[in-house]
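In: The following comprises the amino acid sequence and a computationally predicted model.
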There are 2 protein chains.
Amino acid sequence: MTLVVQKFGGTSVADPERLRRVAARVQRHVAAGERVAVVVSAMAGHTNQLVAWVDELGGSTADRAEYDVVVASGEQVTSGLLAVALQAIGVKARSFMGWQVPVATDTAHGKARIASIEREAILAALDRGEVAVVPGFQGVTAEGRITTLGRGGSDTSAVALAAALGAARCDIFTDVDGVYTTDPRIVPRARKLERITFEEMLEMASLGAKVLQTRSVALAMQYGVPVQVLSSFEDKPGTFVVADDLMMEDQLVSGITYSRDEAKVTLIGVRDQPGVAAAIFGPLAQANVNVDMIVQSVSPDGARTDLTFTVTEADLARAHDVLAPIAAELGCERVDADKDVVKVSVVGVGMRSHAGVAHQMFRVLADKGINIRAISTSEIKISVLIPEEYTELAIRALHTAYGLDAED
Amino acid sequence: MTLVVQKFGGTSVADPERLRRVAARVQRHVAAGERVAVVVSAMAGHTNQLVAWVDELGGSTADRAEYDVVVASGEQVTSGLLAVALQAIGVKARSFMGWQVPVATDTAHGKARIASIEREAILAALDRGEVAVVPGFQGVTAEGRITTLGRGGSDTSAVALAAALGAARCDIFTDVDGVYTTDPRIVPRARKLERITFEEMLEMASLGAKVLQTRSVALAMQYGVPVQVLSSFEDKPGTFVVADDLMMEDQLVSGITYSRDEAKVTLIGVRDQPGVAAAIFGPLAQANVNVDMIVQSVSPDGARTDLTFTVTEADLARAHDVLAPIAAELGCERVDADKDVVKVSVVGVGMRSHAGVAHQMFRVLADKGINIRAISTSEIKISVLIPEEYTELAIRALHTAYGLDAED
């Protein structure tokens, strides 16, 4: 019998009525002959309440070990409730807390990493014909203390459990029905992808397509666990995230993503001398400001240079504070900042073997009169920074140009 | 250093502000040189919400093992939060879940009984100068599944922990400041008792003075754990519940309690023949109707008898349903029921060695023109059933007669 792990997020288990729907969903898989282990998040909003209490009492320095004791309770509740809901419709089920499985983690409370998952207890339950319900997000240290994996950790729990159990696949039920070629709100003819590779998904996830946690995708890639992203509210297939060699078609570009959460910083008239980049980016890194795209343009006389880079909008003020004294030291004329920019990216494993993807992107944008402010590339992705007002125009043009539009 | 266990109930930990006050309270004991283990309930109302969810999904037949997983989370939350609140004011602290201590119980989920408590982990924490925070109400089976002790189980957890640790005393913080000679709302001159014996407390608790769970008092008596009942909102001594031989004074009567939750049932004109009582009380017991006081009065000719007994008001309808067919069979003239009755009880270990307590009670009530409908006695208690309208009059008269009134 096929063994599957199914993960339901916070909005899918937000109240008893939705838990009943989840139970019915699981029941259909059991009836179809699958052995099912379910991973659940806390009820939507519940974790925030628990975190707020810890913050109120202990502030940002609150003991992370006790924080974990408090917030791990949210998934405990939904695990027990789902087991009850399953039993109520005649499906044998029992819950296993992280410490009962056990899901062994390191001691980095609040952001623990899974070391190993014991499969025996869960497999024994599945062999007895039970559905095993496991709280996501939580584990236990070697000393027996409760840990949590950090926000979004439930996806990671599900993938890790699937890997440990040797599951045929890991279904991630969420509030979208799959991964799209781009944002359907911008491009009505965006298509749901049947398949996407782990690497593409990683690029998409880190670029802001918030369907799957980056960490869980990396883990799935590492262990070769096929993941399916699908809707918990509709009963239809979603998108499979699979290894490269399982891709049937040879699609050049899989999707167009974008991130509005970008700010462009330009240091104008920096003295062009060795060590400048280190003098600028070292302090930013120390201040925990993530720098993404970097462009350096040399002035005609070669003595001065303009340095442009992007940070998230949230980091912009901090970047300014860090840069002010440094810019003065480097004899920089002024520091410009611009929040009205967007990063648009074209993602596809096909790029590896096909030249011309970047060229096509630049030409399409030029044809629409869109100025590119910065460019960055990886093996399977090209990103450009453009003025934010061109977001929709650029995405629609690229979506069409790469042949991604759905047919009528 | 004196080792104490302190238990805080649901109203004492109802929100972060109150948890902060509990932390400050514990801090004072630590500063005074005591080693403290704290037992906490769930936030007031939280357990009810969790139970409601289980009921909604699984009804009354919901798996008690999963019920325990869900409801035990409430105490987990307050344990972690209190540890955080203690640390925030510089008190070293850490939480221990029931399965971490462990608090070993049987497998009677939802109403488990504590088998044993390991003291090593907690003592080690206390020896490191930490406050140990333990969730009340929960334990773990030999197979490692979460159990709960049933409603009010946190008092029992605290007393059991105190016994296991060999604590000097167990402080039960609650929303009253001690045990009174009677209800102060009825008798303004009711006195707070400095001391009361376990047995007296047991009689008071089972008679409706809802200060301590009966089960926890019985456990304290069994292990000789001195218990102090005191207010979590005021900083003053409460009432000590102690063994018989620790009573200094020789108080004849310690308190007057009452219960309005009584209903009187009278079967009139029952044929007086062997087996009648069994025919009546057997089916009532089978229907889970608890019968308390029983009075049988024989008619002048000896052929017929009236049988009176009391049940709780909640059980009255059920008692009626059970009795209807039986009464007909026994040739009973009619069945009367009366909810307008109250049980008033005089409690005191002094009764054991002093005659005349009952006589004095009957005389005081007779002087006030109060008719006694039924009487029951134990070694340290006399209860009478009287018309409810006389409740206050009877209690005040008895309180004065037994010398319990506070001096001005």
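Out: Noted; the coordinates are in hand.

In: so how far is residue A:335 from the residue of chain A most remote from its centre?
Out: Distance from the centre of chain A peaks at residue A:301, with 44.3 Å (C-alpha atoms, centre = their mean). Distance of residue A:301 to residue A:335, given as C-beta to C-beta, to the nearest Å: 21 Å. All C-beta spots, glycine's among them, are computed from the backbone N, C-alpha and C.

In: What residues does residue A:156 make contact with?
Out: Contacts for residue A:156 (C-beta atoms under 8 Å, 6 or more residues apart in numbering or on different chains) come out as A:114, A:136, A:149, A:213, A:215-216, A:219.

In: out of the residues you listed, who's nearest chain B?
Out: Using C-beta to the nearest C-beta, the shortest approach to chain B within the contacts of residue A:156 belongs to residue A:136, at 14.9 Å.

In: Tally up the residues packed near that closest one, please.
Out: Residues contacting residue A:136 under the criterion other C-beta atoms under 10 Å in any protein chain shown number 30.

In: Check which helix or strand residue A:281 maps to.
Out: Using DSSP states H and E, residue A:281 sits in helix A:276-286.

In: Would you mark the buried spots in the next helix or strand after that helix?
Out: Moving toward the C-terminus from helix A:276-286, the next helix or strand (DSSP H and E) is strand A:294-298. For strand A:294-298, a neighbour-count test (16 or more other C-beta atoms under 10 Å in any protein chain shown) marks residue A:295 as buried.

In: and if you look at stretch A:105-113?
Out: Applying 16+ other C-beta under 10 Å to stretch A:105-113 flags A:105, A:109-110, A:112-113 as buried.

In: Just the endpoints, please. Distance across it?
Out: Taking C-alpha to C-alpha, to the nearest Å, stretch A:105-113 runs 5 Å from one end to the other.

In: that older thread, what's the closest of the buried residues of stretch A:105-113 to chain B?
Out: Chain B lies nearest to residue A:109 out of the buried residues of stretch A:105-113, by C-beta to the nearest C-beta, at 11.3 Å.

In: mind listing the strands for the stretch 251-400 of chain A?
Out: Secondary structure of the stretch 251-400 of chain A (DSSP state E, counting those that start in this stretch): strands located at A:255-271, A:294-298, A:304-311, A:334-347, A:374-378, A:381-387.

In: name the helices or strands packed onto the second one?
Out: Right, the one you point to is strand A:294-298. For strand A:294-298, the packing partners by 3 or more C-beta pairs under 8 Å, 6 or more residues apart in numbering or on different chains; DSSP states H and E come out as strand A:304-311, strand A:374-378.

In: Check the longest one too.
Out: Using 3+ C-beta pairs under 8 Å, 6+ apart as the contact definition, the elements that strand A:255-271 packs against are helix A:198-206, helix A:276-286, strand A:304-311, helix A:316-329, strand A:334-347, helix A:391-401.

In: looking at the ones you listed, which is closest to residue B:45?
Out: Closest approach to residue B:45 among those (C-beta to C-beta): helix A:198-206, 39.4 Å.

In: Pull out the buried positions in that closest one.
Out: Residues of helix A:198-206 classed as buried under the neighbour-count rule (16+ other C-beta under 10 Å) are A:198-205.

In: Other residues contacting the helix-or-strand element of chain A with minimal mean pLDDT?
Out: When the helices and strands of chain A are scored by mean pLDDT, DSSP states H and E, strand A:294-298 comes last with a mean of 80. Applying C-beta under 8 Å, 6+ apart, the external contacts of strand A:294-298 come out as A:272, A:277, A:281, A:305-309, A:373-376.

In: Which ones among those also lie next to chain B?
Out: With C-beta under 8 Å from any C-beta of the partner chain as the criterion, the contacts of strand A:294-298 include none near chain B.

In: tell me how far stretch A:272-286 is from the chain's mean position?
Out: 30 Å (C-alpha atoms, centre = their mean, to the nearest Å).

In: then that stretch to PDB, C-alphas only?
Out: Provided in PDB are the C-alpha atoms of stretch A:272-286 (Å, rounded to 0.1, in the frame of the first residue of the first chain):
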ATOM      1  CA  ASP A 272      37.200  53.800  -6.800                       C
ATOM      2  CA  GLN A 273      39.900  52.200  -4.700                       C
ATOM      3  CA  PRO A 274      40.700  48.700  -3.400                       C
ATOM      4  CA  GLY A 275      38.700  47.800  -0.300                       C
ATOM      5  CA  VAL A 276      35.700  50.000  -1.000                       C
ATOM      6  CA  ALA A 277      33.200  47.100  -1.400                       C
ATOM      7  CA  ALA A 278      34.400  45.500   1.800                       C
ATOM      8  CA  ALA A 279      34.100  48.800   3.600                       C
ATOM      9  CA  ILE A 280      30.500  49.100   2.500                       C
ATOM     10  CA  PHE A 281      29.200  45.500   2.600                       C
ATOM     11  CA  GLY A 282      31.000  44.400   5.700                       C
ATOM     12  CA  PRO A 283      29.200  46.700   8.100                       C
ATOM     13  CA  LEU A 284      25.900  46.000   6.300                       C
ATOM     14  CA  ALA A 285      26.300  42.300   6.900                       C
ATOM     15  CA  GLN A 286      27.200  42.900  10.500                       C
END
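
In: for it, what is the average pLDDT?
Out: In this model, stretch A:272-286 has a mean pLDDT of 85.

In: Could you find the closest non-adjacent residue to residue A:141?
Out: Computed as C-beta to C-beta, 6 or more residues apart in numbering or on different chains, the closest residue to residue A:141 that is not its neighbour in sequence is residue A:107, at 4.9 Å.

In: Around chain B, which positions in chain A sit nearby?
Out: So chain A meets chain B at A:16, A:19-20, A:50, A:53-54, A:56-59, A:62-63, A:65-70, A:72-74, A:76-77, A:79-81, A:83-85, A:87-88, A:94-95, A:97, A:99-100, A:144-146 (C-beta under 8 Å from any C-beta).

In: Filter those residues down to the buried ones and hand me the PyMOL line.
Out: Command for PyMOL, covering only those of the residues of chain A next to chain B found buried under the criterion 16+ other C-beta under 10 Å:
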select buried, chain A and resi 16+19+20+50+53+54+56+57+58+62+63+65+66+67+68+69+70+72+73+74+76+77+79+80+81+83+84+85+87+88+94+95+97+99+100+145+146
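
In: Take the residues of chain A next to chain B and keep only those in strands.
Out: A:94-95, A:146 (DSSP state E).
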